[in-house]
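Student: Sequence and computational prediction follow.
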Amino acid sequence: MVSSETFHMQPTAPLNFDLTAHIFSNGDRQVRTYHDGIFQQVIRTNGKLVLFRVTSNRTVDKPELTVELQSNNALTQQDRQAVQQIITAIFSLNLDLKAFYDEVENDQTMHQITKQLYGFKLPTTPTIFESLLNSIVEQQISIKIARTIEERLAKKFGDHLEINGETYYAFPTPNNLTVSVSEIQGCGLSQRKSQYIQNAAQLIIEGKLDLQRLQNESTEQIIVELDRIKGVGVWTAELTILRGMHRLDVLPADDFGIRRVISKYYCNGEPIKAAEAREIAKAWGTWKGLAAFYLLLAEAKGINV
């Protein structure tokens, strides 16, 4: 028997939910997708798998979200609270964008872009492990190919939930990935990346890598500790911190896509190095990572300034 519940959430304004969820528009509906104004995903909470759907009801300056939960287990008040916390994290619902907009007001390029993308909040991952795994997958390949591989990993190794004849898959946990390298490789990954993923999962299972504990460390120390993991360099560590720990001051300047959009909007498209990207990003203060994703979305939306 399917247990269902619906409730509303009031995020910190402004929030343009359509822009924020845009990155998931081409996602696999059995894993995670945003289609016709509805975002849906399966998550784990209190040992249960829960399918949630989110829609936006009101305006950017007076946002309200409607959340529908479905599970094959009875849903409790604790489940609802846990899901609210996860949704808040995924869509950065408590983020006050006004502080960011004030910070970049004197940067005319960024100021114009933020006006056209008003209310966009950087979507993040529900867990740090998912961010770490995704960052390993995304090394040196296109984001489109990476997303396909990430969905394959979920459908092959993630736990599944049956709701009204439909099957949905949660993102794999470290325990889900106690499999052979060749099985991971079967999702479209190289042998080397498959080994990196298997190794990271094993370190967590053995208690040698505590991603939750790392959140209490400085960004510099987190990078040092993650860099010790086989297959995790500075770029992978910075992306993990930005998307999994919600530290919006982190700029993965070694990322080709980020350097490309910084160059496009600030350097007439001329190739730039990571050091040059970091220098330009100083104008964005403690919002460097968020600002970089504004540039990526601006390029995707064909915005010129």
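Tutor: Received it, and whenever you're ready, just let me know what you need. Residues are numbered from 1 along each chain as shown.
Student: what about the closest residue in space to P63 that isn't next to it in sequence, helix or strand, and which?
Tutor: The shortest distance from P63 to any non-neighbouring residue, by C-beta to C-beta, 6 or more residues apart in numbering, is to L15 (4.0 Å). In this view, the C-beta of every residue, glycine as well, is placed from N, C-alpha and C. Under DSSP states H and E, no helix or strand contains L15.
Student: Show the contacting residues for A237.
Tutor: By C-beta atoms under 8 Å, 6 or more residues apart in numbering, the contact list for A237 reads 135, 222-223, 226-227.
Student: who wins for most neighbours among the residues you listed?
Tutor: Neighbour tally across the contacts of A237 (other C-beta atoms under 10 Å): the maximum, 25 neighbours, falls on S135.
Student: Look up phi and psi at that one.
Tutor: For S135, the backbone dihedrals are phi -70, psi -30 (criterion: degrees, to the nearest 10).
Student: Run through the strands of the stretch 151-300 of the chain in chain order.
Tutor: Ranges of strands in the stretch 151-300 of the chain, per DSSP state E, counting those that start in this stretch, are 160-163, 166-169.
Student: list the helices and strands the first one packs on?
Tutor: So the one you mean is strand 160-163. Counting contacts by 3 or more C-beta pairs under 8 Å, 6 or more residues apart in numbering; DSSP states H and E, strand 160-163 is packed against strand 48-56, strand 166-169.
Student: Including mean pLDDT, could those go into JSON lines?
Tutor: Listed next are the helices and strands packed on strand 160-163 as JSON lines, based on pLDDT from 0 to 100:
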{"stretch": "strand 48-56", "mean pLDDT": "98"}
{"stretch": "strand 166-169", "mean pLDDT": "98"}
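Student: and this protein, what are its domains?
Tutor: 3-95, 144-244, 256-300 (automatic domain parsing).
Student: now those domains as CSV including distance to N106?
Tutor: Listed next are the domains of the chain as CSV, based on distance: least, C-beta to C-beta, whole Å:
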stretch, distance to N106
domain 3-95, 20
domain 144-244, 24
domain 256-300, 8
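Student: out of the ones you listed, nearest to T125?
Tutor: domain 144-244 (5.2 Å; C-beta to C-beta).
Student: follow-up on the earlier one: so for E105, which of the domains of the chain sits nearest?
Tutor: Of all those, domain 256-300 comes closest under C-beta to C-beta, at 10.5 Å.
Student: Going by neighbour count, list what's buried in stretch 269-282.
Tutor: By 16 or more other C-beta atoms under 10 Å, the buried positions in stretch 269-282 come out as 272, 274, 276-277, 280-281.
Student: Repeat that for stretch 119-127.
Tutor: Buried residues in stretch 119-127, counted by 16+ other C-beta under 10 Å: 119-127.
Student: which outside residues touch that stretch?
Tutor: 13-16, 19-21, 23-24, 43, 60-61, 63, 86, 89-93, 95, 97, 131, 134, 171, 211, 243-244, 246, 248, 289-290, 293-294, 297.
Student: and if you look at stretch 258-265?
Tutor: Under C-beta under 8 Å, 6+ apart, the answer for stretch 258-265 is 109, 113, 251-253, 269-274, 277, 280-281, 292, 295-296, 298-299, 305.
Student: switch to 6 Å and redo it
Tutor: Contacts to stretch 258-265, defined as C-beta atoms under 6 Å, 6 or more residues apart in numbering, come from residues 109, 269-270, 272, 277, 280, 292, 295-296, 299.
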